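Novice: Give me a model of this one.
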Amino acid sequence: MAILDRNTLDFTSHSPSQTWRYGMRLGQLIQPGDLFCLHGEMGAGKTTFTSGIGRGWGAIETVTSPTYVLVNEYHHPNGNELHHIDSYRLADTLDIESTGLEERLESNVALIIEWPEFLMNYLPEERLFIEMLYEDEEKRRIRMHATGERYEKLLETFTGAAF
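Specialist: From the prediction side, this is the model:
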């Protein structure tokens with residue numbers, strides 16, 4: 001683990017189950033309105049990490065990849081919601097509008113966006129950006145960058161809980 005600066009944490013996961021557990025630790029810290037942007041090539045572990053986030057957050061439903069439906073919505077027993085957008089297949093502004101992104105950002109739901117590079121012009125500056133890199137069959141490098149006071153504190157808390 002390396003703390004590159006106050007806002008950036010870089011670490012390695014050595015297995016899919018460890019990637020899932022890191023996601024679970026992060027999920028335990030989610031608050032309504034949070035925005036997590038998850039970037040990485042196909043096979044980098046984004047879905048595994050997000051599944052862990054959902055479990056840690058307390059999703060009633062099993063977290064799966066929304067690649068073909070674009071958006072999955074998960075519910076917490078306390079009534080909170082976690083929405084998961086996969087923007088890989090978004091081709092134009094009409095597709096983006098079909099995800100209800102603007103409404104989701106204005107609501108009080110927590111939001112995970114995979115392939116955020118396709119939506120950067122529509123996203124607020126404050127967020128937790130998570131980059132996942134495939135290193136080998138088991139190993140993934142994970143870099144988290146926090147922008148904004150809420151996410152800086154979240155990253156600090158995550159670091160203490162995970163390491």
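
Novice: could you list every residue that touches Asn78?
Specialist: By CB atoms under 8 Å, 6 or more residues apart in numbering, the contact set of Asn78 is Gly58. (Each C-beta comes from the backbone N, C-alpha and C, glycine too.)

Novice: ugh, wrong one, Pro116
Specialist: By CB under 8 Å, 6+ apart, Pro116 lies in contact with 37-39, 87, 123, 129.

Novice: could you redo the last one with a cut-off of 6 Å?
Specialist: Pro116 makes contact with 37, 39 under the criterion CB atoms under 6 Å, 6 or more residues apart in numbering.

Novice: What pLDDT is listed against it?
Specialist: Per-residue pLDDT puts Pro116 at 89.

Novice: And Val69, by the same measure?
Specialist: On pLDDT, Val69 comes in at 64.

Novice: for Glu103, same thing?
Specialist: Glu103 is given a pLDDT of 79.

Novice: doesn't it fall inside a helix?
Specialist: Yes - the assignment for Glu103 (DSSP: H, G, I helix; E, B strand; the rest coil) places it in a helix.

Novice: That one: how many residues sit nearby?
Specialist: A count of nearby residues for Glu103, using other CB atoms under 10 Å, gives 10.

Novice: Under the pLDDT cut-off, which ranges of this protein? List them.
Specialist: 1, 3-4, 66-69, 89-98, 100-101 (pLDDT under 70).

Novice: Try it again at 80.
Specialist: For the chain, applying pLDDT under 80 flags the ranges 1-4, 64-70, 87-105, 118-119.

Novice: Quick one: list the elements packing against the longest helix seen in it.
Specialist: Using DSSP state H to define each element, the chain has its longest helix at helix 149-162. Applying 3 or more CB pairs under 6 Å, 6 or more residues apart in numbering; DSSP states H and E, we find helix 149-162 packed against helix 16-27, strand 140-147.

Novice: name the helices or strands packed onto the helix or strand following the longest one?
Specialist: Think helix 16-27. Proceeding C-terminally, helix 16-27 gives way to strand 35-39 as the next helix or strand, assigned by DSSP states H and E. Under the contact definition 3+ CB pairs under 6 Å, 6+ apart, strand 35-39 sits against strand 110-114, strand 127-134.

Novice: Pipe the helices and strands packed on helix 149-162 into TSV and attach mean neighbour count and distance to Trp57 per row.
Specialist: Putting these into TSV (neighbours: other CB atoms under 10 Å; distance: least, CB to CB, whole Å) gives the following:
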stretch	mean neighbour count	distance to Trp57
helix 16-27	21	4
strand 140-147	20	17
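
Novice: Having no further points to raise, I will conclude here.
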